[in-house]
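*Asks:* okay, sequence plus prediction incoming.
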Amino acid sequence: RMRGFDPITQAIWLNKILNELGSDYGLMKYRSGYEQGKLEGAWVGNQLKDADKIRQELNKPVIPQFVADWIEEARKSRKDVADFFDFDLTNEEVYQLIERALELKNGKQVEPREDLYVANLFFENSTRTKHSFEVAEHKHRLNVINFEASTSSVNKGETLYDTCKTLEMLGCNMLVIRHGQDAYYNELTTLNIPILSGGDGSGEHPSQCLLDLMTMYEKFGTFENLNVIIAGDIKNSRVARSNYNMLTRLGARVRFVCPDIFKDETLGEVVDFDKVVGEVDVCMLLRVQHERHDSKMGLSKDEYHNNF
């Protein structure tokens, strides 16, 4: 029954059942929910001593009313799924991904998954991200579905959700999506397949962030006390936001260089590049996101390039 809900709701369900049973587990690290009659999870504290009780609760012929109420409450109150995903990966798991990526870069063979189907839904132009995903998918021998937004039913008024649900029902096991709408994934929480973000509007760019992290780690071997400057169109950059959030969490000091019109007050300190360049370990240069500007940026290209 739980497989019909998104992973966040599954995690909430399990937590609530644990509380209802009176089990003092302290911390539950959710992994992959309830699969084939088994609990795939790790509860720190009581070593699953009440696992049988939990299984009995989950295997009742009807969903308990208190669980149904909690699920509905959770869905109504969850206004931004990104708030949950910000902490979906622990620091340890980020390091594991980086190590795995470096192994692949150095020639380690990947596991073929010829049983899986994936569709790449890019509603914005892309070269690097789109084809990076495609290369990775082919290396894993996934079956890649050719999707072109320009020739899809989106042009006949089909919603993003309907497009994704259709691909799910056709047999896709995962979707890679880039979309111009911030937090587009909030509309897709009832899908039963994973969404891999290739970027959302001016929001986040998690795959680019992981690649940047790997590059820095390969060079320095740590993030602690790294001085990082991100320069350019900060306000409209999903790359800047993702990197700031993750690098800060991993111990780096991240500051920004940009003209006033490109400042993002929700992020970190803006500095004069000439004054800090001598202490910088990493400098990330961002392009100007002209497609996200409502008006001209107020300074010439020459002025921008000379100063930023």
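*Replies:* Right, received. Where do you want to start? Predicted, not measured: the structure shown is a model, and the values here were computed from it.
*Asks:* for residue 14, give me the pLDDT.
*Replies:* pLDDT, the model's per-residue confidence, is 67 for residue 14.
*Asks:* try residue 261
*Replies:* 84.
*Asks:* and residue 115, by the same measure?
*Replies:* The score at residue 115 is 94. That number is its pLDDT.
*Asks:* can you check the one 4 residues further on too?
*Replies:* What the model reports as pLDDT for residue 119 is 96.
*Asks:* where do the strands sit along this protein?
*Replies:* In chain order, the chain shows strands spanning 27-35, 38-44, 117-122, 143-145, 174-179, 195-200, 227-231, 253-257, 282-285, with DSSP state E as the criterion.
*Asks:* tell me the contacts of residue 253?
*Replies:* With contact set as CB atoms under 8 Å, 6 or more residues apart in numbering, residue 253 has these partners: 225-228. No exception for glycine: its C-beta is placed from N, CA and C like everyone else's.
*Asks:* now with 10 Å?
*Replies:* Going by CB atoms under 10 Å, 6 or more residues apart in numbering, residue 253 touches 223-229, 247, 268-269, 279-281.
*Asks:* same thing with residue 95?
*Replies:* 89, 213, 217, 223, 250.
*Asks:* residue 308: which of these is nearest?
*Replies:* Looking at these and their distance to residue 308, the nearest is residue 213, at 23.7 Å (CB to CB).
*Asks:* can you get me a residue count around that closest one?
*Replies:* For residue 213, the neighbour count with other CB atoms under 10 Å is 22.
*Asks:* ok, it to residue 176 distance?
*Replies:* As defined by CB to CB, to the nearest Å, residue 213 lies at a distance of 19 Å from residue 176.
*Asks:* next: residue 277.
*Replies:* 37 Å.
*Asks:* between these two, which one's more packed in?
*Replies:* Set side by side, residue 277 and residue 176 show more neighbours around residue 176, with 23 against 12, by other CB under 10 Å.
*Asks:* just the helices in the stretch 201-308 of the chain please.
*Replies:* 206-220, 238-249, 273-276, 301-307 (DSSP state H, counting those that start in this stretch).
*Asks:* give me the buried positions along the last one.
*Replies:* To tie it back to what came earlier, the one meant is helix 301-307. Buried residues in helix 301-307, counted by 16 or more other CB atoms under 10 Å: residue 304.
*Asks:* ditto for the shortest one
*Replies:* Buried residues in helix 273-276, counted by 16+ other CB under 10 Å: residue 273.
*Asks:* what about that helix, average pLDDT?
*Replies:* 90.
*Asks:* repeat for the last one
*Replies:* Average pLDDT, helix 301-307: 78.
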